[in-house]
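> Sequence plus the predicted model coming up.
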Amino acid sequence: MHSLPMQPLNLKVDSVALSFGDRYILRDVYLDCKQGEIVGLLGRNGCGKSCLLKIIFGTLTPQYKYVSINDQYIRRGFIDTRIAYLPQHNYLPRGMRVDQLARTLVAEKHWDEFAASPAYIMHGQKQTDKLSGGELRQLEMLMILYSNADFILLDEPFTHVSPVQSDVFKQQLRKAAKTKGIIVTDHQYYNIVDVSDRIILIDNGYTRHLSDPEELVRYGYLSRM
Ligand SMILES: Nc1ncnc2c1ncn2[C@@H]1O[C@H](COP(=O)(O)OP(=O)(O)OP(=O)(O)O)[C@@H](O)[C@H]1O
């Protein structure tokens, strides 16, 4: 991948408020992510992690949000493919060949690197419904990482993935973060703590910007480290 520009782009997400009916999910959420860093997002089941990623991407409209890149307001992140998003559940259509899908998702400038990845070499000629959950997840994540977007949102990329494969994932994430900003969430908190430069916890609708992973215990996300 290419090198980071002199002035890294900065994605800012501010004042997010989301409720469904009279139930508040997110009350006052603030986070930012610069090109070149990985921000880990943690929180209990149902605290609003997936909703927040969809709001940043632009497919979920909350009561209020302010999303910008270098202080330029972004109404919907998916427009102009500035932001790419790996949803929690598999997104590649069934019954199509991996290489055909990859040609539409992977940026031309990243193609050679993507095509050299062991997962693509092994499975590129196969149909998506002939792959295991973990094989599919890895290819889905690589296609998002090697897209044109400057910012990447990943919702549970480690699900279905074995420990050794997760280590490969983390190397791929770090490599992609040389040119992109990445926000990643997963319940495998140890992988998130390991791969991230910073951790943000969603707690009762608010974002807690942690200075030390030990604070996950203080906020009751973990019973112990
Ligand atoms: N369209 C919707 N209508 C009503 N409630 C919703 C809707 N979408 C999500 N919710 C609720 O909002 C809350 C936050 O959902 P979200 O999927 O963001 O949680 P999460 O933190 O990603 O959870 P998990 O870790 O279990 O995946 C949940 O309680 C969910 O039931």
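That came in fine, so what should we check first? All values reported here derive from a predicted model rather than from experimental measurement.

> residue ranges with poor pLDDT in this protein?
1-6, 80 (pLDDT under 70).

> Does the residue nearest the centre of it belong to a helix, a strand or coil?
The chain has L154 as the residue nearest its centroid, 1.9 Å off, counting by Cα atoms, centre = their mean. For L154, the secondary structure call by DSSP: H, G, I helix; E, B strand; the rest coil comes out as strand.

> partners of it in the sheet?
Beta-bridge partners for L154, by DSSP bridges, are L86, V184.

> For it, give its distance to the ligand.
Here L154 is placed at a distance of 12 Å from the ligand (Cβ to the nearest ligand atom, to the nearest Å). All C-beta atoms are positioned from the backbone trio N, CA, C, and that covers glycine.

> what's the spacing between that residue and M141?
In this view, L154 and M141 are 7 Å apart by Cβ to Cβ, to the nearest Å.

> what is in contact with these two at once?
L86 (Cβ atoms under 8 Å, 6 or more residues apart in numbering).

> Which residue is the nearest non-sequential neighbour of R208?
L201 (4.4 Å; Cβ to Cβ, 6 or more residues apart in numbering).

> surely the residue nearest to the centre of the chain meets A177?
No: counting by Cβ atoms under 8 Å, L154 stays clear of A177, with 11.2 Å between them.

> sorry, back to before: which residues are in contact with the residue nearest to R208?
L201 sits next to 41-43, 207-208, 210, 215-216, 219, 221 when contact means Cβ under 8 Å, 6+ apart.
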